[in-house]
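J.: Fold the following.
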Amino acid sequence: MASKTESRRQDLRNRLIDLGESVIIKKGLAALKARELAAEAGCSVGAIYNVFPDLHHLALAINGRTFKRLGAQVAGAVEPMSDAPACERLVAMGLAYLDFAERNIAAWTALFEIDMAVGNEIPDWYMAALEALFDHIRRPVAELRPDLSAEDVEFLVRGLFSSIHGIVWLGLQKRISAVPHAELSRMITLILSEIGR
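T.: Model (predicted):
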């Protein structure tokens, strides 16, 4: 059984994640500030750093929640389609990704704004959440391309994710090079439908 100190620490951790998530949703990742969070949580700034080493780790915890919700939405899109052709499952995942990004744009954007450069310390649970997302893509890709080595399947999985992410990112950011917002679903469907041809 957790001690009172551990329980208070966990309560503060959860409260900070809730408050930080709310800040990101309303104002974006850059608005995550220790002083404001402490005031909202009713604690000292130092108490935040007793729970998280720094705001980067708090942002990672918030993003962990977002990754789980994203993964659940992608999995939910293909769950009823277990007998559907692999291309149709890929399209469903791509459209679920777009839908999640559109409905959760600030939280989704924060997933990619945080400094996650190769070589930085990245928690195992964070990488596991990313791998779970890739697993959903990996299965239909391996079905469609049994001729590819495991290494090439990985390259294709990451390439497809990068392509769909790029389409969604550019479209939602309304960049000049982007496809018009109304056509995002059509472009995603077209690209993913071509994989098995």
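
J.: CA atoms for contacts and neighbours, from now on please.
T.: Fine.

J.: Please compute how far stretch 95-110 lies from its chain's middle.
T.: Distance of stretch 95-110 from the chain centroid (C-alpha atoms, centre = their mean, to the nearest Å) equals 8 Å.

J.: got any ranges where this protein has weak pLDDT?
T.: Along the chain, the parts satisfying pLDDT under 70 run over 1-2, 116-120, 175-178, 196-197.

J.: What ranges does it have for its helices?
T.: Taking DSSP state H as the test, the helices found in the chain are 4-27, 34-41, 45-51, 55-78, 86-103, 105-113, 124-144, 150-172, 184-193.

J.: okay, those helices, which one's buried deepest?
T.: Of all the helices of the chain, helix 86-103 carries the top mean neighbour count, a mean of 21, counting by mean count of other C-alpha atoms under 10 Å.

J.: got the contact list for that helix?
T.: For helix 86-103, the surrounding residues in contact (C-alpha atoms under 8 Å, 6 or more residues apart in numbering) are 70, 73-75, 77-78, 81, 108-109, 137, 140-141, 143-144, 164, 168, 172, 185, 188-189, 192-196.

J.: Same check on stretch 189-197?
T.: 87-88, 90-91, 94-95, 144-145.

J.: domain parsing for the protein?
T.: Domain ranges of the chain: 1-52, 62-193, per automatic domain parsing.

J.: residue closest to the middle of the chain?
T.: Taking C-alpha atoms, centre = their mean, the centroid of the chain lies closest to Phe67, which sits 3.9 Å from it.

J.: need the contact list for that one.
T.: Phe67 makes contact with 111, 129-130, according to C-alpha under 8 Å, 6+ apart.

J.: swap in Ala39?
T.: With contact set as C-alpha under 8 Å, 6+ apart, Ala39 has no partners.

J.: ok, Ser193 to Ala129 distance?
T.: Relative to Ala129, Ser193 is positioned 26 Å away (C-alpha to C-alpha, to the nearest Å).

J.: and if you look at Ile195?
T.: 25 Å.

J.: And for Pro146?
T.: Pro146 is 26 Å from Ala129, by C-alpha to C-alpha.

J.: Kindly report the same for Leu160.
T.: Distance, Leu160 to Ala129, by C-alpha to C-alpha: 18 Å.

J.: Check Trp108 too.
T.: Taking C-alpha to C-alpha, one finds Trp108 at 14 Å from Ala129.

J.: Likewise for Ala61?
T.: According to C-alpha to C-alpha, Ala61 stands 12 Å off from Ala129.

J.: Check Thr66 too.
T.: 10 Å.

J.: ditto for Ala41
T.: 28 Å.

J.: ok, now which ones touch the spatially closest residue to Val179 that is not a sequence neighbour?
T.: Nearest residue to Val179, sequence neighbours excluded (C-alpha to C-alpha, 6 or more residues apart in numbering): Gly171, at 5.9 Å. Gly171 sits next to 178-181, 184 when contact means C-alpha under 8 Å, 6+ apart.
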